[in-house]
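>>> here you go, sequence then predicted model.
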Amino acid sequence: METTRDTGWNRVARGAGYAAAGWAVAFALVHVYWLADGRLGLPDGLSVWSSTPLLVIDVIAIPLCAVAAAVALAPVRRWGARVPARLLGFALWGTTALLVLHAAPSVPDWIALATGGRSGAELDAMARFATFGYEPFFLAGGLLFAVVSAARLTVRRAAAR
């Protein structure tokens, strides 16, 4: 962490940082798998190579996930102290916002499914893929980055006192 005192928030930030980095690496590996024409996790009959938009997204997502892993690790590794604090804060909170906002449109579907207002059988293959597959994964990543961001801020404020 950015301070040498080992507080509870330091441990939270460290754990969340490693978890968020693991999330980003896992997401990158999923995209590498799909780029290698893997189909597990995709709706039946869908391949990244059969859809130009998905191919472009996949190619862009891999390096973005690598950068996200580095951003998640920066607050908890010594080399991260060389990253300007404002830039790191912007990257952490920006990643949090991007991931949470990506998942936000699925929240009404999750609520409707949880309350019985809608059935999973009513969803087409792509909607099921989004609602049960990648959108919860985006939300999980966003929440991990939010914890890293908040814990980092708390540790920095405590160190400044």
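Thanks, I have it. Numbering: from 1, shown residues only.
>>> show me what contacts Val25?
Applying CB atoms under 8 Å, 6 or more residues apart in numbering, we find Val25 in contact with Cys65, Ala69. For glycine as for every other residue, the C-beta is placed from the backbone atoms N, C-alpha and C.
>>> setting aside sequence neighbours, what's the nearest residue to Ser106?
Closest residue to Ser106 apart from its sequence neighbours, by CB to CB, 6 or more residues apart in numbering: Glu135 at 4.0 Å.
>>> surely the one you found and Val100 touch.
No - look at Glu135 against Val100 with CB atoms under 8 Å: they stay out of range, at 10.8 Å.
>>> now the common contact residues for those two.
With CB under 8 Å, 6+ apart, Glu135 and Val100 have no common neighbours.
>>> where in the protein is pLDDT low?
Applying pLDDT under 70 to the chain picks out residues 1-7, 9.
>>> give me the distance from stretch 40-53 to the chain's centre.
In terms of CA atoms, centre = their mean, to the nearest Å, the centre of stretch 40-53 is found 21 Å from the chain centre.
>>> before we move on, back to that, which strands and helices sit next to the one helix or strand the residue nearest to Ser106 maps to?
In the assignment (DSSP states H and E), Glu135 maps to helix 135-160. Contact partners of helix 135-160 among helices and strands, from 3 or more CB pairs under 8 Å, 6 or more residues apart in numbering; DSSP states H and E: helix 8-35, helix 52-73, helix 85-103.
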